[in-house]
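J.: Task: produce atomic coordinates for the following.
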Amino acid sequence: MTTTRTVLRAVFWGLVAGAVAAGGCASSTTAGGGPPEIATIADPAPYMIVRGSDGSTVSRDTLAKACAEADAVLIGENHGHPLGLAVAADLWRDMLARSTHAALAMEFFERDQQTALDDYLAGITDEAAFQKASGRNPGNYPEGHRAMVEAAKAAGRPVVAANAPRRYVRLARLDGYDRLRGLTPEQSRLVRLPDAMPGGRYYDEFVKVMTAMKNDPATGEAVPGDPPGPEQLERINATFRSQATWDWTMAESVARTLDAGHRPVALVIGRFHVDHDGGTVQALRSLRPWTRVVVVTFVNRESATLRDIDRGRADFVIYVGPDPSEGKPVGR
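T.: Numbers count the residues shown, from 1 in each chain. As a prediction, this is how the structure comes out:
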């Protein structure tokens, strides 16, 4: 049974397992310190792409074309899912092939790690130094993410450290936003406070995730336990301040990258943030209402058709099957 702790770990901290990139996986750095070679391999497993609106089947080429023509592409992943990360890496390579102005933004790098990324992309440091400077390890830098960074490096395209440093996100939860409003200008550039709190289904789903969960034996989906009491709801709302800080900081990172002339900007992010017009989608549309946004989400289920529960989840829904490391899909 999927525990609340497991779900929250996936939602918040993005602790990820290793992955193999479909259609291309990055090998280890060469002994001489040069760039790693990218080896081409066959797709490890089939997957299904459908439109989230009507369930019509979509080809990889059609998906890539739609993403290349967008301003922002929000790629909602299941952290650590091998096939999901592989397909996401392929999608990013497809976008690079169609646009010379594309940029990659990633939830998994915090803004104060941008220099480490830039130094590596510019060839100032090697991969070992980059991983050390940015705190990368096998648990938070799976092969799928590495393949995306390497593809951007090979194409000379930027990679944006999109997220807020956790120390500031923690302050949002513990002390509220007033403490963060007192930061210096240099500190403030690393975090974006929400103009408004995300709402609607996103908040409701957040409360469900933060409430004791159980699996419905009939469907395998996670369902909430008892409604939270006043004290628990207060703790949930405090944590939601952190969630909203993540959403607005990442949305602002995308907006800034668009304003700098890069297009499309692909943000790779945990899918809870973007599913069903999640908080990051809401924040980006508030910051840049004219932005053409395409949302692609990966569902760790096997399905040949759009499931009712996934209708409206995203513009494109990609079914990649259960995560083999968990033995059964997370119930969302």
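J.: Which parts of the protein are helices?
T.: All helices of the chain, identified by DSSP state H, fall at 4-12, 60-68, 82-98, 114-121, 127-133, 143-155, 166-175, 177-181, 185-188, 201-210, 230-259, 279-287.
J.: Take those and lay them out in TSV including mean neighbour count, distance to Val50 and mean pLDDT.
T.: Glycine gets a C-beta too; all of them are placed from N, C-alpha and C. Below are the helices of the chain laid out as TSV (neighbours: other CB atoms under 10 Å; distance: least, CB to CB, whole Å; pLDDT from 0 to 100):
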stretch	mean neighbour count	distance to Val50	mean pLDDT
helix 4-12	16	23	34
helix 60-68	17	10	97
helix 82-98	24	14	96
helix 114-121	18	34	98
helix 127-133	16	36	97
helix 143-155	23	21	97
helix 166-175	17	34	97
helix 177-181	13	39	96
helix 185-188	10	42	97
helix 201-210	18	20	92
helix 230-259	20	25	96
helix 279-287	23	19	98
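J.: Out of those, flag the one nearest Asp54.
T.: helix 60-68 (13.8 Å; CB to CB).
J.: Show the contacting residues for the spatially closest residue to Thr125 that is not a sequence neighbour.
T.: For Thr125, the nearest residue in space outside its immediate sequence neighbours is Asp119; the separation is 4.6 Å by CB to CB, 6 or more residues apart in numbering. Contacts for Asp119 (CB atoms under 8 Å, 6 or more residues apart in numbering) come out as Thr125, Ala129, Phe130, Ala133.
J.: Burial check on Glu107, number of neighbours?
T.: By other CB atoms under 10 Å, 24 other residues sit near Glu107.
J.: I'd say it and Ala162 touch.
T.: Yes. Proximity of Glu107 to Ala162 meets the contact threshold set by CB atoms under 8 Å, at 5.9 Å.
J.: Need the residues touching each of those two.
T.: Residues touching both Glu107 and Ala162 (CB under 8 Å, 6+ apart) are Met250, Leu267, Ile269.
J.: between those, which is nearest Gly321?
T.: Proximity of those to Gly321 (CB to CB) peaks at Ile269, which lies at 20.7 Å.
J.: So what sits opposite that closest one in the bridge?
T.: Beta-bridge pairing for Ile269 (DSSP bridges): Gly76.
J.: State the distance from it to Val191.
T.: 17 Å (CB to CB, to the nearest Å).
J.: Which of those two has more residues huddled nearby?
T.: Ile269 (27 against 24).
J.: would you turn the helices of the chain into TSV with distance to Asp310?
T.: Output for the helices of the chain, formatted as TSV (distance: least, CB to CB, whole Å):
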stretch	distance to Asp310
helix 4-12	17
helix 60-68	16
helix 82-98	14
helix 114-121	33
helix 127-133	35
helix 143-155	22
helix 166-175	29
helix 177-181	34
helix 185-188	38
helix 201-210	13
helix 230-259	21
helix 279-287	16
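J.: Can you tell me which of the ones you listed is nearest to Pro322?
T.: Pro322 lies closest to helix 82-98 among these, at 9.7 Å (CB to CB).
J.: centre of the chain versus the closest one, how much separation?
T.: Computed by CA atoms, centre = their mean, to the nearest Å, the chain-centroid distance of helix 82-98 equals 13 Å.
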